[in-house]
Each structure stands twice: as C-alpha cells, then as structure tokens.
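missing the sequence, but the structure's below:
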C-alpha cells in the first residue's frame, strides 16, 4: 500500500517538465546526490541540472539532505534527496 507522501509525489510528477522529471527520478534513485554527481549520472552539463533542482526544491519534491565536500570545487555542496524518501525515513 502506498503512503500519502508517495501518492502526492506521484501526482506532482505529472505537473512538471520532462527535464524536471528526469532530474527528479535521478535524485530519487541515486540520492543523496550532489549536482555534480547528477551531471555525471545524467550525462548533462551543470546548467541543465542546477535550475531544475532549484525548481524541484520550490515544488517541495526535492530537499537538501545535508552538505558534503566536493573535491573538484573544494566547497561544501548540497546533497539532494526526494522529499518522499525523507518522509519515509522519518
């Protein structure tokens, strides 16, 4: 039986663009994941990822799971997870 968060996520995924859906599914399947890792997974440039992640955050479909050091940029970066995964862990 599906929980309420999963049902809401299923309906929300119908109201997003194809690229948003691709990014969301990559995060849900691979999270926690950074933007740079998404680039590698999806074989897309960073500018195709960061905007879509921000849009998904605004739609409450994706949330920051914490921060991690990125060896390429030498900065702490967000790790993203699908919000339904966070709710399932709670």
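Cool, the structure landed. Being a predicted model, the structure only gives us computed values, none of them experimental.

host element of the most centrally placed residue in the chain?
In the chain, the residue lying closest to the centroid (Cα atoms, centre = their mean) is residue 27, at 3.9 Å. Taking DSSP states H and E as the definition, one finds residue 27 inside helix 18-30.

buried sites along that helix?
Neighbour counts over helix 18-30 (16 or more other Cβ atoms under 10 Å) mark 20, 21, 22, 23, 24, 26, 27, 28 as buried. Heads up, the C-betas are built off the backbone N, CA and C, glycines and all.

same check on stretch 43-58?
44, 49, 52, 53, 55, 56.

out of the buried residues of helix 18-30, who's nearest residue 38?
residue 26 (5.7 Å; Cβ to Cβ).

now do the contacts for that closest one.
Contacts for residue 26 (Cβ atoms under 8 Å, 6 or more residues apart in numbering) come out as 33, 38, 41, 42.

what do you get for residue 17?
residue 52.

that one and residue 54: what is the separation?
From residue 17 over to residue 54 the distance is 13 Å, taken as Cβ to Cβ, to the nearest Å.

could you give the number of residues near residue 64?
By other Cβ atoms under 10 Å, the residues close to residue 64 number 14.

give me the nearest residue to it, chain neighbours excluded.
In space, and not counting its chain neighbours, residue 64 is closest to residue 78: 4.5 Å by Cβ to Cβ, 6 or more residues apart in numbering.

helix, strand or coil: sort out that neighbour for me.
Of the three states, residue 78 takes strand under DSSP: H, G, I helix; E, B strand; the rest coil.

quick one: it and residue 69 touch, right?
No - Residue 78 is not in contact with residue 69 according to Cβ atoms under 8 Å; the separation is 11.8 Å.

comparing those two, which shows the higher neighbour count?
Neighbours per residue, other Cβ under 10 Å: of residue 78 and residue 69, the larger number sits with residue 78, 19 against 9.

now for that one: which residues touch it?
Residue 78 neighbours (Cβ under 8 Å, 6+ apart): 34, 35, 64, 65, 66, 67.

ok, of those, which come out buried?
Applying 16+ other Cβ under 10 Å to the contacts of residue 78 flags 34, 35, 65 as buried.

can you redo the residues you listed as TSV with secondary structure, pLDDT and distance to residue 84?
Below are the buried ones among the contacts of residue 78 laid out as TSV (DSSP: H, G, I helix; E, B strand; the rest coil; pLDDT from 0 to 100; distance: Cβ to Cβ, whole Å):
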residue	secondary structure	pLDDT	distance to residue 84
34	coil	97	19
35	helix	97	20
65	strand	94	13
